[in-house]
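*Asks:* Let me see the structure of the following:
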Amino acid sequence: MSGGREIPVRVTKVTPVAERIKRFRFERLDGKPLPYFSGGAHVIVSMNDFGHIRRNAYSLMSPPHDCAAYEISVLHVEGSRGGSTFMHERVKEGDEMNVSYPVNLFQPDWRARKHLLIAGGIGITPFMAMMEQFTREGASFELHYAMRTRDRGAYWKELVERYGSQRIKIYCDAEGMTMPLDRLLDSQLLGTHLYVCGPSGMIDGVLRAGMEAGWPEQNLHSERFLSSLPGKPFTVELVRSGKTVRVGHHESMLEAIEAAGVDASFLCRGGACGQCETEVVNCDGKLLHHDVYLNDEEKAAGRKVMICVSRFEGKTLHLDL
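*Replies:* Next up is the predicted model:
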C-alpha cells in the first residue's frame, strides 16, 4: 500500500488499561463491518496534528472473527516524536480518524505443532488476537509475558483468567522473576514455532538464543516497529518527481516526502517490511540506516535506503522517487 487506501472510522471507546497504556476502539463511520484480519496483523493510524499528518503502525488486538470494530493499545512513549502523545492526549471518544486496511507481517505458521509466544511490555498486543485465533482453531500454544512491574503490564490478569496459568506465564522484573529462556527453548516439541514481540534488545536476545539452541531459522518469528530517530535536518532531491524536500529534525524522510505531495509505498513504517525501499541515485554524505530489513552488506553499499526510519548526514542525497 502507499497510503491511498484508508477507512474513515470513529473512536467509540478509550480505556486506560495500565500505566501509560490506553486501548482505543474504532468503528466504521458508515456502520459496515471492517475488513477481516488474522492474528498478528496491524493497521496504520493517521493522525492530523494541526495539519501535519502522522502515521503510526499499531497491532490489532481485537478478536479476528469480530469485524464490528478494531482495537489497538498504545503505550505513551517517553520522548515520543508525537504519535503516542497525540493518541494519549488528543484523541477522545467521538473523534473521527482514518486507519489503513490490515496488513500482516507477523502471520502464524499454521503448520506448527505448537506456538510458543514470548512478549515483552506492549509487545503483548499482537498476541491477543493470535491467541483468540489459536483457541478457535484448536491450536496448541503457550505465552510467556515479561513486564517491568505489574501495573505497567497490560492485560495479564485477563489472560490468566481466560487461558489459565498453565498456558500463560508472567514474569515481573520488579519481583526478581526471570524468564527461563534456555529451558523453554530446550523443552519444546519438534515442530514448535516461536514468536517474539517486545523491545528490540529482547527480540534480538530471544532470536539469538533460538539459533544457538539449534532452532531452524524458519521456525523463529519476530515483529518490531522502529521509530524514526530525530537528527539534524537535511535536504533530499527526488529525481523522478523533480522536487527538493527538506526533512526536519523530528521528521522522517517518508513523512517529509508525503507532505511534499509525493506518493511513496509503505506497509509498516517501522523499518521492517522493506516496502519503502528506495534506490539511492547519488549520495554525497553518510546514510544513517536504522532499519532491520537491509543486511550489513546492503547498508555498507549505500545503494538503497528505507525512507521510513533512516536519515542522512552530508551535502546531497538524490533518491529515485
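*Asks:* Hmm, Ala119 and Met179 touching each other?
*Replies:* No - using C-beta atoms under 8 Å, Met179 is not in contact with Ala119, being 10.2 Å away. Heads up, the C-betas are built off the backbone N, CA and C, glycines and all.
*Asks:* Between the two, tell me which one has more neighbours.
*Replies:* Ala119 (26 against 17; other C-beta atoms under 10 Å).
*Asks:* Would you agree the more buried one falls within a helix?
*Replies:* No - with DSSP: H, G, I helix; E, B strand; the rest coil as the criterion, Ala119 is assigned strand and is not in a helix.
*Asks:* Spatially, what comes nearest to it if we skip its sequence neighbours?
*Replies:* Leaving aside its chain neighbours, Ala119 sits nearest to Tyr145 (4.7 Å; criterion: C-beta to C-beta, 6 or more residues apart in numbering).
*Asks:* Could you pull up the contacting residues of the one you found?
*Replies:* Residues in contact with Tyr145 (C-beta atoms under 8 Å, 6 or more residues apart in numbering) are Ala119, Gly120, Ile124, Gly153, Trp156, Leu159, Ile168, Lys169, Ile170, Tyr171.
*Asks:* What's the first helix or strand after the strand or helix carrying it?
*Replies:* Secondary-structure assignment from DSSP states H and E places Tyr145 in strand 141-147. Counting by DSSP H and E, the next helix or strand C-terminal to strand 141-147 is helix 156-163.
*Asks:* report the angle between the axes of that next one and strand 141-147?
*Replies:* When axes from the mean of the first three to the mean of the last three C-alpha atoms, to 10 degrees is applied, the directions of helix 156-163 and strand 141-147 differ by 170 degrees.
*Asks:* counting contacts, what elements does helix 156-163 pack onto?
*Replies:* Contacts defined by 3 or more C-beta pairs under 8 Å, 6 or more residues apart in numbering; DSSP states H and E place helix 156-163 against helix 125-137, strand 141-147, strand 168-172.
*Asks:* Stretch 157-172 spans what distance, first to last residue?
*Replies:* Terminal residues of stretch 157-172 lie 13 Å apart, using C-alpha to C-alpha, to the nearest Å.
*Asks:* So what's the residue count around Asp151?
*Replies:* 12.
*Asks:* quick one on the thing from earlier: which one of the helices and strands packed on helix 156-163 lies closest to Ser38?
*Replies:* With C-beta to C-beta as the measure, helix 125-137 is the member of these nearest Ser38 (6.6 Å).
*Asks:* CA-only coordinates of that closest one in CSV, if you can.
*Replies:* Extracted in CSV, the C-alpha atoms of helix 125-137 (Å, rounded to 0.1, in the frame of the first residue of the first chain):
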residue,chain,number,x,y,z
THR,A,125,-0.8,-6.7,21.7
PRO,A,126,-0.4,-8.9,18.5
PHE,A,127,-0.6,-12.0,20.7
MET,A,128,-4.1,-11.0,22.0
ALA,A,129,-5.6,-11.6,18.5
MET,A,130,-3.3,-14.6,17.8
MET,A,131,-4.5,-16.4,21.0
GLU,A,132,-8.1,-15.8,20.1
GLN,A,133,-7.5,-17.4,16.7
PHE,A,134,-5.5,-20.3,18.1
THR,A,135,-8.3,-21.0,20.6
ARG,A,136,-11.0,-21.1,17.8
GLU,A,137,-8.8,-23.3,15.6
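*Asks:* which helices and strands sit right next to that helix?
*Replies:* Using 3+ C-beta pairs under 8 Å, 6+ apart, helix 125-137 is in contact with strand 41-49, strand 52-59, strand 114-120, strand 141-147, helix 156-163, strand 192-197.
*Asks:* In TSV: these, plus mean pLDDT.
*Replies:* Formatted as TSV, the helices and strands packed on helix 125-137 follow (pLDDT from 0 to 100):
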stretch	mean pLDDT
strand 41-49	93
strand 52-59	89
strand 114-120	97
strand 141-147	97
helix 156-163	96
strand 192-197	98
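*Asks:* If you drop the residues flanking it in sequence, what lies closest to Leu194?
*Replies:* With sequence-adjacent residues excluded and distances taken as C-beta to C-beta, 6+ apart, Leu194 is closest to Leu116, at 4.6 Å.
*Asks:* That neighbour and Ser187 touch, don't they?
*Replies:* No - contact criterion C-beta under 8 Å: Leu116 and Ser187 do not qualify, at 9.9 Å.
*Asks:* Give the residue from the two that has the larger number of neighbours.
*Replies:* The residue with more neighbours, out of Leu116 and Ser187, is Leu116; 24 against 10, by other C-beta under 10 Å.
*Asks:* before we move on, back to that, identify the contacts common to Met179 and Ala119.
*Replies:* His144, Ala146.
*Asks:* First-to-last residue distance for stretch 127-146?
*Replies:* 13 Å.
*Asks:* Now that stretch: buried residues?
*Replies:* 127-134, 139, 141-146 (16 or more other C-beta atoms under 10 Å).
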